[in-house]
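J.: need a 3D model of the following:
(chains A and B)
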Amino acid sequence: MSAQRSRLVAVLVLAVPLGLAACQQRTPAAPPAAGPGGAPRQGGQIVAATLADVSTLNEYQSSGEAGEAEVIDLLFPSLMVEQPDYQLHPPSFAPRLATSWAFSADNRDLTFHLRPDARWSDGEPITAEDVRFTFQVQKDPRVGSLGMEIKDFIRDVEVVDPHTVCFHFTRVYPYQLMDANDGHIVPEHAWGKIPRDRWRTADFEEVLVTGGPFRLASHTPQQTIVLQRDPTYWNAPKPYLDRLVFRVIPDMASQLAQLFAGDVDLVPSVAPQEADRVAADPSLRLIEYPSRLWGLVAWNNRRPLFADRRVRRALTLGINRKALVDTVFRGHAKLATGPILSSMWAFDRSLPQLPYDQPQAAALLAEAGWRRNADGVLERDGKRFAFDLLYPAANTLRREMAILIQADLARLGIRVRPVQVEFTSLISRSETGEFDAILWAWEEATKIDLTSTWSTPSPTQGSNNFIGYSNPEVDRLIAVAREEPDYTRAKVLLDRIQELIVADQPVTFLYEANRLVAVSRHLGGADINAAGVFFNVDDWYWKP
Amino acid sequence: MSVRRALARWPLRLRLGTLGLAALALAAVAGPWFTADPNAIVDARAAALLPPGATRVVLLRRDGTTIACEAARRSGSEWIVTRAGREETLPAAEVVSAHARRFWLGTDTVGRDVLARLLAGARVSLGVGALALAVALVLGIGVGLLAGWSGGVADALLMRFVDALLAVPMLFLLLFLAAVFRPSLGVLVLILGLSSWMGVARLVRGQVLSLKEREFVLAARALGASGWRIAFRHLLPNALTPIAQDGALRLGDLILVEAALSYLGLGAQPPTASWGTMVAEGQEVLATTWWLTMLPTALVALTVIAAALAADGVQELGRGEV
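T.: Below is the predicted model:
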């Protein structure tokens, strides 16, 4: 499943990394090991825990909030599979429904050749007509699908013959392949009959026709989603598994309890404080890799308190971020440096990491006019340096961070009041700008586009820049970089942008979290990596 | 009757209950004088989640921060410390002092002393409970006396108001109020007090209704005593036993509710320790570090049991007198 969409949904992840994840050192897709009794065998089932039930199995009806993304990826085909190699260059793609593809000489037309043997679960062939139908759905405002603007620069999808389809672009830009691939193909013969204005409300489970390695066997709301091997799948004899069961277990502690009890084979996200316990159990395997979830302190740049860049730099210098990350994540995260993740190709490796340096922080604050008063609290023009640090309720990791930040900044004479705020009200306060500082987290997409988060927010376009950061030079460079088709040339621009943003410190960059996945010894052949937990599900098999 | 004789007449439960409450109150008042700063982070990295009884060498640095290490020795102009299993060096000029410190009840997730936090938390939890009880008693006794004594329309109005308040699901109301007001200890006391006086009012009114027809009250009225005098000299002293019993039970309830609200993050705010917030902070690591949640839970339970014993004892005492 493409990871572009995750960027659009502002994820304030609750307790630990959720959602799609990323990888730095990908282990090569191990051919299912043929150790003692280890040859991949047909049959068996794997039970995976999931925090939330699916709210729909139609991707274009999804709000992106429930747990459906991974299930949909197992049920519906995409043209290609995004590879977890974005630490070297923009992600490459492997064939899935499309066996090959090619750009025209002017790069405005992109032709896909589809596999002739792909079939829907009802036996109908998957054709170019389905690809065009899917595109029409994606662009239809009556459907209003979540990633609609991803298709902005695709004018039209043309059916050349039943197994050849051509995408016509209105412009040439670096992410054409990724944008064409975004979204799963849905069946025209089954869903084309449903009027488009009923798409938002229709129940697609009743007319479900799928085209992936698995099909839906049963769905008990809030309990289980049972997927069954699809015998018409083109990659026969794969998948090896007969069944893949998703069990809805809404809290992470219960998920782990069931994993230890052997009722569940896979927990997709383990809290860092539980990692040692999982690793110590010989019947379990803990898989760890850098996710694309990163955390920050969002300073409200619009408020006078944080408008001065010297003050923001002082706040970063004054927080012992290394100790904070090591304490809170118990070694399962690394210190973040700037706006691009260190696991991505565009990361500027020469970027300076601001040190923990309280004397320098104190000097910068003094330069900005802050003096200690009789109580030892910083004061300027009779106003004390005091602010609320908001964090989402019931998030223990963020609470620990808030306590550590409070203690560090207190030594500089800054009064921090950690305030926990219920999740939805935190989101709405971020949108209305009613905050001083928030402990925030973003889930980064594999597509690098800094516009939404770091460009000056424009009144007409949606923006994730809720802190109100504005630097005209950054705006200009971002606009140039996103149009640059050659990624090595784009990298030069992106390096400069990273330097500018780190110098401005509109936020304090805190951590890049690792993803921790726990699996039981019954799961064989799995290559779980940054492209997704179910990345090579075709090769998974059950070990007795 | 001497104090000793009075005490001797107390039933065992009352003695146990009061003893328990008195001991907890003493620990809450005096304890924090003898322990370290409950909010001080000794060492977020190397002193987090230490088990009860663990000892560490704590170095105080020039900037006021401390670091904890398993072993430390001075060698020339440097300190060589073993910290979280690794050797590090520290310029001696940076270190102000070094001493060994035992963490009797271990440390929490960010390296703070659990014993110090439990005692500081006792202050908050018991203090909030006691103050909220005072608010509830003042309001409840006032309204109960007024309604019971005046009777008629005033009584009907006041009691229907009480009924209406009692009909509101309390936890939801508390959650709502705590979400509307900025959480602080003062707000917490008011919210808890204002939401729990109704039971007291009903109880006092009932007592007043039964007492005001008794001969000694009629006699006082015939003698021309004022309403105030009758209320405080004749009615209240005779209603004292049920009020004391109710108050003791209510104290236990209030401490539980305070813990619940703090657990949900609507009570004491970080870094202030309260038993409820300590349970919340420890629950993520419950499987491996039981003491973080079990100790504050046990203290809440102890307080509630002591209060219930005292309440039972008061009732027994009352029965004995009749």
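
J.: only C-alpha atoms from now on, for both contacts and neighbour counts.
T.: OK.

J.: which element is B:A72 on?
T.: strand B:71-75 (DSSP states H and E).

J.: quick check: mean pLDDT of that strand?
T.: The pLDDT scores in strand B:71-75 average 88.

J.: so what are the sheet partners of the helix or strand hosting A:T99 and their directions?
T.: For A:T99, the host element (DSSP H and E) is strand A:98-103. Neighbouring strands of strand A:98-103 in its sheet, by DSSP bridges, are strand A:109-114 (antiparallel).

J.: now what about the partner strand, what contacts it?
T.: A:79, A:97-104, A:127-128, A:163-169 (CA atoms under 8 Å, 6 or more residues apart in numbering or on different chains).

J.: can we see that at 6 Å?
T.: A:97-103, A:163-168 (CA atoms under 6 Å, 6 or more residues apart in numbering or on different chains).

J.: how far does that strand sit from its chain's centre?
T.: Averaging C-alpha positions (CA atoms, centre = their mean, to the nearest Å) puts strand A:109-114 27 Å from its chain's average.

J.: same check on stretch A:174-189?
T.: That offset, for stretch A:174-189, works out to 18 Å (CA atoms, centre = their mean).

J.: return it as CSV; C-alpha atoms alone will do.
T.: C-alpha atoms of stretch A:174-189 as CSV (Å, rounded to 0.1, in the frame of the first residue of the first chain):
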residue,chain,number,x,y,z
PRO,A,174,9.4,13.3,-9.7
TYR,A,175,6.6,11.2,-8.2
GLN,A,176,4.6,10.3,-11.3
LEU,A,177,5.1,6.5,-10.8
MET,A,178,4.2,6.7,-7.1
ASP,A,179,1.1,8.8,-7.8
ALA,A,180,-0.1,6.5,-10.6
ASN,A,181,0.3,3.5,-8.3
ASP,A,182,-1.5,5.1,-5.4
GLY,A,183,-4.8,3.3,-4.4
HIS,A,184,-5.9,-0.3,-5.0
ILE,A,185,-7.8,-1.4,-8.1
VAL,A,186,-11.5,-2.1,-7.5
PRO,A,187,-13.9,-4.2,-9.6
GLU,A,188,-15.9,-2.4,-12.2
HIS,A,189,-18.2,-5.3,-13.0
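
J.: give the rounded mean pLDDT of it.
T.: For stretch A:174-189, mean pLDDT is 94.

J.: would you mark the buried spots in that stretch?
T.: Neighbour-count burial for stretch A:174-189 flags A:174-188 (criterion: 16 or more other CA atoms under 10 Å in any protein chain shown).

J.: give me the phi and psi angles of the residue of the stretch 301-450 of chain A found nearest chain B.
T.: Closest to chain B within the stretch 301-450 of chain A is A:T327: 5.0 Å, counting by CA to the nearest CA. With angles defined as degrees, to the nearest 10, A:T327 sits at phi -70, psi -50.

J.: out of the contacts of strand A:109-114, which is nearest to chain B?
T.: After measuring those against chain B - CA to the nearest CA - the closest member comes out as A:L97, at 43.3 Å.

J.: circling back to that earlier point, could you find the closest non-adjacent residue to the residue of the stretch 301-450 of chain A closest to chain B?
T.: B:R45 (5.0 Å; CA to CA, 6 or more residues apart in numbering or on different chains).

J.: ok, back up a step: and the buried residues of stretch A:174-189, which of them are in helices?
T.: Assignment to helices by DSSP state H places the following of the buried residues of stretch A:174-189 there: A:176-181, A:188.

J.: any chance of those in CSV, plus distance to B:A222?
T.: Converted to CSV, those look like this (distance: CA to CA, whole Å):
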residue, distance to B:A222
A:Q176, 99
A:L177, 99
A:M178, 96
A:D179, 95
A:A180, 97
A:N181, 96
A:E188, 95
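
J.: just the closest of those residues to B:A100, please.
T.: Using CA to CA, A:M178 comes nearest to B:A100 of these, at 59.2 Å.

J.: A:M80 versus that closest one, what's the distance?
T.: Going from A:M178 to A:M80 by CA to CA, to the nearest Å gives 9 Å.

J.: give me the helices and strands touching the strand holding B:A72, please.
T.: If you count contacts as 3 or more CA pairs under 6 Å, 6 or more residues apart in numbering or on different chains; DSSP states H and E, strand B:71-75 packs onto strand B:78-83.

J.: residues contacting B:F216?
T.: Per CA under 6 Å, 6+ apart, neighbours of B:F216: none.

J.: looks to me like it is in a helix.
T.: Yes: looking at B:F216 with DSSP: H, G, I helix; E, B strand; the rest coil, it is inside a helix.

J.: which stretches of the chain have low pLDDT?
T.: In the absence of a named chain, chain A is used. Confidence mapping of chain A against pLDDT under 70 gives the ranges A:1-38, A:66.

J.: um, chain B though
T.: Residue ranges of chain B with pLDDT under 70: B:1-2, B:178, B:320-322.
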